[in-house]
Each structure stands twice: as structure tokens, then as C-alpha cells.
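1. prediction below, plus the sequence it came from.
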Amino acid sequence: MKERSYWQDNLRVVGVCLAIWFTVSFGFGILWVDVLNQIQIGGFQLGFWFAQQGSIYVFVALIFFYAWRMSSIDKHHAPSTDESRIGGDD
Amino acid sequence: MELQTLTYLVVGASFVLYIAIAFLTQARNTGEFYVAGGHVHPVINGMATAADWMSAASFISMAGLIAFLGYDGSVYLMGWTGGYVLLALLLAPYLRKFGKFTVPEFIGERYESRTARVVAVLCLIVISFTYIAGQMRGVGIVFSRFLNVDISVGLLIGMGIVFFYGVLGGMKGITYTQVAQYCVLIFAYTVPAIFISLQVTDIAIPQLAFGSTIADGSEFLLTRLDRVVTDLGFAAYTVGTKSRVDIFAITMALMIGTAGLPHVIVRFFTVPRVRDARVSAGWALLFIALLYTTAPAVGALARLNLTETIQTGPVGAADGNLVYEDRPEWFRTWEETGLLRFKDKNGDGRIQYYNDRNLEFADRAASHGWEGNELSVDNDIIVLANPEIAGLPDWVIALIAAGGIAAALSTAAGLLLVISAAVSHDLLKGVFARGISDRNELMAGRISAAVAILLAGYLGYNPPGFVAQVVALAFGLAASSLFPVILMGIFSFRMNRQGAIAGMLCGLGFTLGYIIYFKGLFIGPFTENVAENWFLGISPEGIGTIGALLNFAVALGVCAVTAPPSAEVRALVERIRVP
């Protein structure tokens, strides 16, 4: 049973991250770009900024967040996550 | 010192570095040859992945592409970075846990099928060779433009270098060379970008200069760019012209294609643990983002620079355009390479650069006495001529040459390795010569790497007519064939052999068919490649998205009416889900 709840925790983190991934790129950068372009921050229209800069920054932060969150979930479920094998077992 | 000599020195020094690394990192067994023994530090792997991923196209062409596409160029920026989120969250940790050498190996074991493995190998080889042809071409072009040698000589030198560290060192050699290549290419890319930013906006960081006011403080860079280009009949820089659905589809196809590219996935087999694979993807994207957030800034700055160099005064004023005889020095240099071409259509001795395909602008152009656009500009010039336009010292120009070659070689080497692993490990050891010893397999890997280099060199020298189509093809195929079956193999217990094979073949067949139908490949094209003819308004570049959906749908349908996979497969999936 322990395994299943680990997997569910994992799926929840992945789900949240993917929702953010979709929102900043396909949402802010493409689908709602015209609405966001009404907002001007410095020299950038916000929608354009998300499409060419902002989404990339969020992507980087997302992967590090995911890695950090997963290692704490790993620790929570199994105190010793150890090295797995490399190479064939045949 | 002469620029030519300096360029030889800088490029030569980078080659000495790569060869020295090759000597220090020879592979001694198949584990080191395929996955560098699995001992690569996650930050190092991130850097190597960044070099592996960023090709000649990213380094030389992307900023120029964005400069002329404006907002539409966002598809490349989001598509080629967003894929790493999918890779890190959905594939890399689980495939690392699987702990074998190749992507087809996973597909073969997960679906208990040598047929599936061979189909995956075929997809992998087609994807990788289409990609390599472009890289080798890039090496040849950089050599011929900066070092004044024949393209074939440039290609031979490039092949020789890759041969050396790829064949000797395998993944181990490639990894550490890629780290060096990343340092060379990112330095070469950012230095001119910083100088251009300073010149145009007084701000040193390109990502900030992009959104600030120009140096005289009168208006924002992007506001001015929008005005200047629309005055000449071009689409506004920050708006673009592609339809929303097409932008969406292309971005999605590039993202899932990126996540499904075998030479990228396999880099995550080289780190020691599952959690290293996760964090390594973050480092990879961070290193990639350094270039990918600089590129759009370079594109905008250079587009403004170029436009205002030509259009020196108000549009339509008698003396508003640059007199051809007064053109700057870099203009002359790049005319010689054919990347800039001028034709004085109205015979006034001045250069008119405007959008002569904009029918609404045609009347105004005619009233100015303009008789068509007189300047053709190649995308690649934005990065290649940047240092000269900015008046930077010669060593920066030499660095651009070394950076372009580093970008092309690092990607070519990564691709060659997955091809050789697919042949020696998946086809030979997996299917045709199952009893082969480790030593012989290593030899087979080296031989197939060598053959792949020769073939790649040939493709670079005689690029098949479809090289322009290969980006759509490689990403479309990766998106519609490999990504869905790997994903379902991890996230579904129920997905079986029949579903996976049917899904792969349908996705692949549909995507390939669509691209051939509109763009041609050996046969065709069968109809005009225009938006009116496209399925749901989606261009061939974006069709991989539909191909992937089709793959999922067919696989789920077939799987529902066939028997579930064995208990061993269930155990395998259980195992890879836990780190």
C-alpha cells in the first residue's frame, strides 16, 4: 500500500506542475496573449513577454521545484532511496 | 593580427581542447561507451545536455528566425524549452530507474516485443539522420565563411574531430567534450549580445535591454521596433501573422518532439540516481535558457539596427534611404558571402528595404517611386554579422566561428552515439546476434559510429533536397511515434504490445504522410502548402501534435480489445515508478 500512496503523491506534484506549465505557455503566451498584451510592464506587453521570456523562466523554476518536492516525497516514503543498477541484467 | 589568422587560432585551440579531452576519457566497456558508466554529475550532465541539444540551428539561425518572425518566433522559444518540463516530469526519472542503455530497449522490454523495439530503432535512425545532415552542413558553412576553406574540407575536418572523440570515448568522451563545447558556445553567444544591448539601450543584460528604452531615452525598444517595421509594410513585431491554432499546434509538436528525441533522453541515463536525473533536467534547461532568453533580445535589437541602417530617414523622403555606395563595411563583407543581396530595381542608387508582398502598402510604395524590395537578408546573418555590426574587436568574431562549430559538433556527436547504440545494442545484441560478447559489442558500437559519421558527412556535403523540411520531420516523428509509447509505457499498466505498435505506426504514418503531402519527400508535394489546404488550419510543422493524439487514441482503442500484458511487465512498471 505504501507504494500506491507514493505514486499518488507523485501524480499530484506532476499534475500541479503541468497545470502551471500549460498556463504560462499555452495560456499566457498563446491563447490569452491579446488580453495580456493590454498590460504593459516596462517596455514589454505582458503576453509577448510570457511568450518570449517569462514562460522559459517559469519552466526552469518548475523543474527545480519538482526535483525538490520529489526528493522530500522520496524521503517521506522510503528513508533510503539508493542507487539503481546500470547496464543489462542479462 | 589578421582576422583570418586569429580565427584559425581560436578554432584550432578549441579543437586541441576537444582532442585532449578525448584522450583523457576513453571508454573501456559498453557501459562507458553507451552511458558514460552512469557516473556523470547532474550539473555536468545538465551542461552536456545543453550542448547536445543546442544545435547549429539554435546557435546560428534561431535569433535571425525570431528577428524576422517577431511574435510568431515564440513557437521555437517555448517549444524547444517547454519540452524539458515534459521530459523531467514524465520520462527522465522513470527511464533512469529502468537503468538500461537505450530508448528502444525500454520499448522492447516494456511491450515484450522485438517488433516494437525494431520499429523504435527505425524511428530513431530516421530522426537522428535528418537532424545530423543539418549539423554537418552547419559545420561546413561556418568553415567556408570564416576560414575561407572549401565546404568539403570543412566537413572533413569536422568529421575527423567527431570521429576522434566519439569513436574513442563514446558517451564518456562526448559528455566531457560537450561540457567544453557548451562553455565555448555560450561565451561566444552572450559577449556580442551584451555589446549590442549596450550600444542600443545602455543596458548590459540583453534580457532587460529587450524591454527597456533605447539609448536616447525617447521610447521603448519594442514600441519603436513595432512602429519602424509597420511603417515599411511589415507585420508588427509583437503581434505576428500565424493563426492561433497553428501557433498552438507547432508549440505543442516541438515540445513533445523535444521530450521524445532519443539523443536528449539518453543523456539522463548517464547520471547515478533517479533524483539526479530530475535535478539534472533543471540544470540542462537553465543552461539552455541562458541562450534561449538572449536570442529573442538579439533578434529584436538586430532587426532594429538593420532596419534603421537602411531606412536612415522618414519613409518616403527623397533622402530617407541609405545610399548604396555609402554602405558600411560589414555590409560589403556579408554581400560577398551572398547572405545580403542588393538589387537596385528603381535605379536611384539607394536601398529600399520593405515588404513588397503587402498589397495594402503597394500604393504607398509606388508613390515613393519604389519598385520592389531591393534587399534580401538571410536569417543567419543576425548572429554571424552581429559582432561586425556592433564594431566589436576581431577576437569576438573569431569566437563566433568557434561557437558555431562547437554547437554543431556537440549535437552531431550526441546523435551519432544514439545511432551507433541503436545498431550495436538494439539491432545486434537485441535481435540479430544475441550472444555477442561485451568486447565485440563495444567494437560493433565503434564501427557503427564510424559508419554513421561517414554517412552524415556525405549527407552534409550532398544535402538531400528536403533539408529545409527536416525540422518539421524530426520533431513530428519524435512527437507522434516515440513520446506517446514511452509515456503510456510508464503511466499505464494496461497498455500492451498490440496497442503500442498500432499507435506508433498510425502516428508515424499519419505525420509522415501529411508532411509529404504538403512539402514532398522523394515524392510529392501533392498540393500547395497554404493555410486554406491544411487540416484544421495546422501547418506541417505542427502536425506532430495531431499525430501524437492519433497515436494515443489508436493505442488505447486497440489495447482495450486485446489481452493485458503479462505479470512481468506489471512488475517492471511497478519497479520503475519507485526511485
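-> Here it is on my side, so go on.
2. which parts of chain A are strands?
-> For chain A, the strands defined by DSSP state E cover A:40-41, A:44-45.
3. same thing with the stretch 351-500 of chain B?
-> B:375-377 (DSSP state E, counting those that start in this stretch).
4. which of the strands of chain A sits closest to chain B?
-> The closest of the strands of chain A to chain B is strand A:44-45. By C-beta to the nearest C-beta, the value is 4.2 Å. (C-beta placed from N, C-alpha, C; glycine too.)
5. point out the most buried one among the strands of chain A.
-> Stretch with highest mean neighbour count among the strands of chain A: strand A:44-45 (a mean of 23; mean count of other C-beta atoms under 10 Å in any protein chain shown).
6. pull up the pairing partners for that strand, direction included.
-> Using DSSP bridges, the strands paired with strand A:44-45 are strand A:40-41 (antiparallel).
7. who's in contact with the strand it pairs with?
-> The contact list for strand A:40-41 (C-beta atoms under 8 Å, 6 or more residues apart in numbering or on different chains) reads A:Leu46, A:Trp49, B:Gly211.
8. likewise stretch B:422-431?
-> B:30, B:34, B:101-102, B:104-105, B:108, B:114, B:117-118, B:120-121, B:124-125, B:262, B:436, B:441-442, B:444-445, B:447-448, B:452.
9. what does stretch A:61-74 give?
-> Residues from elsewhere that reach stretch A:61-74, judged by C-beta under 8 Å, 6+ apart: A:6, A:9-10, A:13-14, A:17, A:20-21, A:81, B:84-85, B:88-89, B:93, B:275, B:278-279, B:281-282, B:285, B:579.
10. show me what counts as buried in that stretch.
-> A:Leu62, A:Ile63, A:Phe64, A:Phe65, A:Tyr66, A:Ala67, A:Arg69, A:Met70, A:Ser71, A:Ile73, A:Asp74 (16 or more other C-beta atoms under 10 Å in any protein chain shown).
11. could you dump those residues to TSV with pLDDT and distance to B:Thr223?
-> Shown next, in TSV, are those (pLDDT from 0 to 100; distance: C-beta to C-beta, whole Å):
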residue	pLDDT	distance to B:Thr223
A:Leu62	95	31
A:Ile63	95	34
A:Phe64	95	34
A:Phe65	95	34
A:Tyr66	94	37
A:Ala67	92	39
A:Arg69	91	40
A:Met70	89	43
A:Ser71	88	45
A:Ile73	85	46
A:Asp74	84	49
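12. returning to what we had before: can you add mean pLDDT and give the strands of chain A back as JSON lines?
-> Compiled in JSON lines, the strands of chain A are given as follows (pLDDT from 0 to 100):
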{"stretch": "strand A:40-41", "mean pLDDT": "87"}
{"stretch": "strand A:44-45", "mean pLDDT": "88"}
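13. quick one, which of those strands is nearest to B:Leu473?
-> strand A:44-45 (33.7 Å; C-beta to C-beta).
14. name the residues that touch the closest one?
-> A:Leu36, A:Asn37, A:Gln38, A:Ile39, A:Gln53, B:Phe210, B:Gly211, B:Leu222, B:Thr238.
15. check the secondary structure at the last one for me.
-> If I follow you right, that is B:Thr238. What DSSP: H, G, I helix; E, B strand; the rest coil gives for B:Thr238 is coil.
16. next, count neighbours for the residue of the stretch 451-579 of chain B at minimum distance from chain A.
-> Residue nearest to chain A within the stretch 451-579 of chain B: B:Pro579 (4.9 Å; C-beta to the nearest C-beta). By the criterion of other C-beta atoms under 10 Å in any protein chain shown, B:Pro579 has 23 neighbours.
17. what number of residues lie near the spatially closest residue to it that is not a sequence neighbour?
-> Counting by C-beta to C-beta, 6 or more residues apart in numbering or on different chains, B:Val274 is the residue found nearest to B:Pro579 once chain neighbours are left out, at 3.8 Å. Counted with other C-beta under 10 Å, the neighbours of B:Val274 add up to 25.
18. quick one, phi/psi of B:Val274?
-> Main-chain dihedrals, B:Val274, degrees, to the nearest 10: phi -60, psi -40.
19. okay, it: pLDDT?
-> What the model reports for B:Val274 is a pLDDT of 86.
20. test my guess that B:Ala413 contacts B:Gln178.
-> Yes - here B:Ala413 lies in contact with B:Gln178, judged by C-beta atoms under 8 Å, at a distance of 7.2 Å.
21. anything in contact with each of those two?
-> Common neighbours of B:Ala413 and B:Gln178 are listed as B:Asp52 (criterion: C-beta under 8 Å, 6+ apart).
22. which element is the nearest residue to B:Ala57 once chain neighbours are set aside on?
-> Of all residues not flanking B:Ala57 in the chain, B:Gly134 sits nearest, at 6.4 Å (C-beta to C-beta, 6+ apart). According to DSSP states H and E, B:Gly134 maps onto helix B:114-146.
23. picking that back up, closest to B:Ala500 among the contacts of strand A:40-41?
-> Taking C-beta to C-beta as the measure, B:Ala500 sits nearest to A:Trp49 out of those, at 40.6 Å.
24. just give the number of residues close to that closest one.
-> When neighbours are defined as other C-beta under 10 Å, A:Trp49 has 26 of them.
25. I'd like to know how far A:Met62 sits from A:Ile30.
-> Actually, residue A:62 is Leu. It isn't Met. 18 Å (C-beta to C-beta, to the nearest Å).
26. just the buried ones among the contacts of stretch A:61-74, please.
-> If we count by 16+ other C-beta under 10 Å, the contacts of stretch A:61-74 have these buried: A:6, A:9-10, A:13-14, A:17, A:20-21, B:84-85, B:88-89, B:93, B:275, B:278-279, B:281-282, B:285, B:579.
27. quick one, helices of chain A?
-> Using DSSP state H, the helices of chain A run over A:2-22, A:33-36, A:46-49, A:55-77.
28. out of these, nearest to B:Leu69?
-> Set against B:Leu69 and scored by C-beta to C-beta, the helices of chain A come closest in helix A:46-49, at 12.7 Å.
29. quick one: average pLDDT of that closest one?
-> 91.
30. how far out from the middle of the chain is that helix?
-> Centroid displacement of helix A:46-49 relative to its chain, using C-alpha atoms, centre = their mean, to the nearest Å, is 20 Å.
31. same question, stretch B:234-254
-> With C-alpha atoms, centre = their mean as the basis, stretch B:234-254 stands 18 Å off its chain's centre.
32. ok, stretch B:77-93 next?
-> 14 Å.
33. next: stretch A:42-50.
-> For stretch A:42-50, the distance to the chain centre is 22 Å (C-alpha atoms, centre = their mean).
34. for the chain, which residues score under the pLDDT cut-off?
-> No chain in the question, so chain A it is. Low-confidence segments of chain A, defined by pLDDT under 70, are located at A:1-4, A:79-90.
35. not what I meant, chain B
-> Applying pLDDT under 70 to chain B flags the ranges B:1, B:463-472, B:520-524.
36. my read: B:Thr411 touches B:Trp53, true?
-> Yes - with contact defined as C-beta under 8 Å, B:Thr411 and B:Trp53 form a contacting pair (7.3 Å).
37. picking up where we left off before, CSV for the strands of chain A, including distance to B:Pro484?
-> Listed next are those as CSV, based on distance: least, C-beta to C-beta, whole Å:
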stretch, distance to B:Pro484
strand A:40-41, 38
strand A:44-45, 35
